[in-house]
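Engineer: sequence and predicted model, in that order:
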Amino acid sequence: HKLDVVHEGIDTDLLAPKPGAEVTIGDWTLRQGEPIVTYVARNLEPYRGFHTFMRALPALQKRAPDARVVIVGGDEVSYGMRLPAGDSYRARLLKELDGRLDLSRIRFTGKLPYGTYAALLQVSAVHT
């Protein structure tokens with residue numbers, strides 16, 4: 001009786017697949033219905049599962065050779081161990097996975113404006 005459930009306030013009508021949605025990320029134009037995998041976190045760090053996601057990508061790319069992956073988030077650390085200046089968990093994982101990833105099918109965007117972020121989720125087939 002002393003607890004209240006307070007949801008995060010995610011607009012699931014807006015942040016869901018949307019027929020006909022399209023977004024441009026760098027040199028890619030992504031459309032709803034294509035095999036697009038997204039990962040989003042404020043920062044790319046272990047507390048957000050980034051290392052687990054990255055280590056799963058070689059198998060994902062083998063099983064879904066036409067899937068494109070868009071990874072959204074900064075290289076700073078919000079939670080957990082701070083890294084030496086100039087280092088990032090993204091750099092460490094890319095080094096660890098060197099030669100095992102098809103980087104032509106992966107885009108790192110950094111942080112995105114909200115409108116682009118929303119459009120990306122509208123085209124995403126699988127969101128992590």
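Structural biologist: Nice, thanks for sending it over.

Engineer: the chain: helices as residue ranges?
Structural biologist: With DSSP state H, the ranges of helices along the chain come out as 50-63, 89-96, 114-123.

Engineer: tell me the angle of the second one relative to helix 50-63?
Structural biologist: I take that to be helix 89-96. In this structure, helix 89-96 runs at an angle of 50 degrees to helix 50-63, with axes from the mean of the first three to the mean of the last three CA atoms, to 10 degrees as the basis.

Engineer: so in this protein, where's the weakest helix or strand by average pLDDT?
Structural biologist: For the chain, using mean pLDDT, DSSP states H and E, the weakest element among its helices and strands is strand 126-127, scoring a mean of 93.

Engineer: quick one: residues in contact with that one.
Structural biologist: Contacts made with strand 126-127 from outside it, assessed by CB atoms under 8 Å, 6 or more residues apart in numbering, are listed as 36-40, 121. C-beta here means a position set from N, CA and C on the backbone, and glycine is covered the same way.

Engineer: show me the contacts for Ile10.
Structural biologist: Shown in contact with Ile10 (CB under 8 Å, 6+ apart): no residues.

Engineer: what does Gly20 give?
Structural biologist: Contacts were defined as CB under 8 Å, 6+ apart; by that measure Gly20 touches Gln32.

Engineer: then Leu93?
Structural biologist: Taking CB under 8 Å, 6+ apart as the contact definition, Leu93 lies against 50-51, 54-55.

Engineer: low pLDDT regions in the chain?
Structural biologist: Applying pLDDT under 70 to the chain picks out residues 5-7.

Engineer: the strands in it, which residues?
Structural biologist: According to DSSP state E, the chain carries its strands in the segments 22-25, 28-31, 36-43, 68-74, 106-110, 126-127.

Engineer: tell me which of those strands sits most buried.
Structural biologist: Mean neighbour counts were compared across these using mean count of other CB atoms under 10 Å; the top stretch is strand 68-74, at a mean of 21.

Engineer: please save the CA atoms from that one in PDB.
Structural biologist: This file holds the C-alpha atoms of strand 68-74, laid out as PDB (Å, rounded to 0.1, in the frame of the first residue of the first chain):
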ATOM      1  CA  ARG A  68      22.400  -3.400 -40.700                       C
ATOM      2  CA  VAL A  69      23.200  -2.300 -37.200                       C
ATOM      3  CA  VAL A  70      22.900   1.200 -35.800                       C
ATOM      4  CA  ILE A  71      24.500   1.900 -32.400                       C
ATOM      5  CA  VAL A  72      23.500   5.100 -30.700                       C
ATOM      6  CA  GLY A  73      25.400   6.500 -27.700                       C
ATOM      7  CA  GLY A  74      28.400   8.500 -26.500                       C
END
